[in-house]
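Colleague: Based on what follows, work out the 3D shape:
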Amino acid sequence: MKKSRFSESQIISILNKQEQGLKVRDICREHGISDATFYNWKAKYGGLSVSELARIKELEAENSRLKRMYADLSLVHHALKDAVEKKL
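Modeller: Residues are numbered from 1 along each chain as shown. Got it, this is the predicted structure:
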């Protein structure tokens with residue numbers, strides 16, 4: 001996937017300009033983006049603040065770490081279960 005030339009905090013600040021009353025066309029022209037990009041960003045980041053976005057990223061990272069940990073433990077559990085069954 002192509003990396004955006006705007007950071008997420010920049011995207012949120014661009015979206016906040018519309019909430020301040022600027023027209024979408026003017027915002028898009030100023031930042032060199034299309035209307036479709038603006039509305040895609042609005043669907044994804046609309047209503048978020050920078051601190052909320054940071055918290056979401058932190059939670060996603062923790063969630064992926066926990067999923068990996070569960071997968072590892074599950075693998076060990078199944079391996080031990082198979083070993084016990086073979087002995088009996």
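Colleague: any idea how far the one residue sitting closest to the centre of the chain is from His78?
Modeller: In the chain, the centroid-proximal residue (Cα atoms, centre = their mean) is Lys57; its distance is 6.0 Å. Counting by Cβ to Cβ, to the nearest Å, the gap from Lys57 to His78 is 32 Å. From N, CA and C alone the C-beta is placed, and that goes for glycine too.
Colleague: Repeat that for Glu60.
Modeller: 27 Å.
Colleague: Show me how the chain divides into domains.
Modeller: Under the assignment automatic domain parsing, the domains of the chain span 7-48, 49-88.
Colleague: The longest one spans what distance, first to last residue?
Modeller: It refers to domain 7-48. 14 Å (Cα to Cα, to the nearest Å).
Colleague: and that domain, what's its mean pLDDT?
Modeller: Domain 7-48 carries an average pLDDT of 93.
Colleague: Could you tell me how far the helix or strand encompassing Asn16 lies from the centre of the chain?
Modeller: Per DSSP states H and E, Asn16 falls inside helix 8-19. In terms of Cα atoms, centre = their mean, to the nearest Å, the centre of helix 8-19 is found 16 Å from the chain centre.
Colleague: so how far is His77 from the nearest residue to Ile11 once chain neighbours are set aside?
Modeller: Spatial nearest neighbour of Ile11, excluding adjacent residues (Cβ to Cβ, 6 or more residues apart in numbering): Trp41 at 5.1 Å. Distance, Trp41 to His77, using Cβ to Cβ: 43 Å.
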